[in-house]
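build me a model from this:
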Amino acid sequence: MSTLMKTILGTVALTYCVSAHAKPFTNEDAISWAKNYNFVCGKHSKAECENDRGLFLKEYQNAYAGDFTAQGNVAFNIWRYRDRNDVSSQIEACAWQTIVVMSNSKYKDGTEHDNLEMMCKAVDGPQASLAYDAVPTVRERVAEIKKIIDAHTVHPVDIEGLDFVVKRDHNEHHAGKGWSTRYFY
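Reported below is the predicted structural model:
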């Protein structure tokens, strides 16, 4: 066997072993990532901003757990509290809203495409351009998010501020109402 072939097979084997034993993305990872977002309170009251930040930490976990409502709320809050000169936060909001639009959720109501247009269209500030100028970046981020969601390694959490109890409500759309047939569409 040639040296090149041995190197290729060795690389494939090493890649397989590393990926097969890679640590899965967990709720703790989601919390850590969520804490990295720089919420800029700006025109919003500090109390409202801090409350939304606390909810965001939990909704970020639920978004990765596959909850449609949480995904939309994550996109909106990243968008709402972003640093207008930070293109990466807009790309992140755009990626999450893309996940929402791509969803097969029965809870879609038609506003998702409008929100996608708003979050992905124009970047504010001195870097005025289209977020879709960074389409490969948005696509890559969407693929990363979907991969984590599809792995089912992040689990939904209760959110007291939304009266959401996982065992009772099953998804944030039914927060406080329970999983009764009278709430289905």
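
low pLDDT regions in the chain?
1-21, 122-136, 179-185 (pLDDT under 70).

mind listing the strands for it?
For the chain, strands defined by DSSP state E do not occur.

so where do the helices sit in it?
Assigned by DSSP state H, the helices in the chain fall at 3-20, 27-35, 46-64, 68-80, 87-102, 112-120, 135-151, 166-169.

chain center to the fourth one: distance?
Between the centre of helix 68-80 and the centre of its chain there are 7 Å (C-alpha atoms, centre = their mean, to the nearest Å).

residue 162: neighbouring residues, count only.
Close neighbours of residue 162, defined as other C-beta atoms under 10 Å, add up to 18. In this view, the C-beta of every residue, glycine as well, is placed from N, C-alpha and C.

quick one: it and residue 55 touch, right?
Yes: using C-beta atoms under 8 Å, residue 162 makes contact with residue 55 at a distance of 6.7 Å.

residues in contact with residue 51?
residue 161 (C-beta atoms under 8 Å, 6 or more residues apart in numbering).

and the residue nearest to the spatial centre of the chain, how far from residue 176?
Nearest to the mean C-alpha position of the chain, by C-alpha atoms, centre = their mean, lies residue 96 at 4.8 Å. Using C-beta to C-beta, to the nearest Å, we find residue 96 at a distance of 24 Å from residue 176.

hang on, residue 61 packs against residue 32?
No: checked against C-beta under 8 Å, the pair residue 61 and residue 32 is beyond contact range at 10.8 Å.

the two: who's more crowded?
Using other C-beta under 10 Å as the criterion, residue 61 and residue 32 rank with residue 61 on top: 25 against 12.

and that one, how close does it get to residue 121?
In terms of C-beta to C-beta, residue 61 sits 28 Å off from residue 121.

ok, residue 96 next?
Residue 96 is 15 Å from residue 121, by C-beta to C-beta.

same thing with residue 64?
Residue 64 is 26 Å from residue 121, by C-beta to C-beta.

and if you look at residue 110?
For residue 110 relative to residue 121 (C-beta to C-beta), the value is 18 Å.

what about those two, which has more around it?
residue 121 (12 against 6).

look up how far residue 97 lies from that one.
For residue 121, the distance to residue 97 - C-beta to C-beta - is 11 Å.

next: residue 27.
For residue 27, the distance to residue 97 - C-beta to C-beta - is 23 Å.
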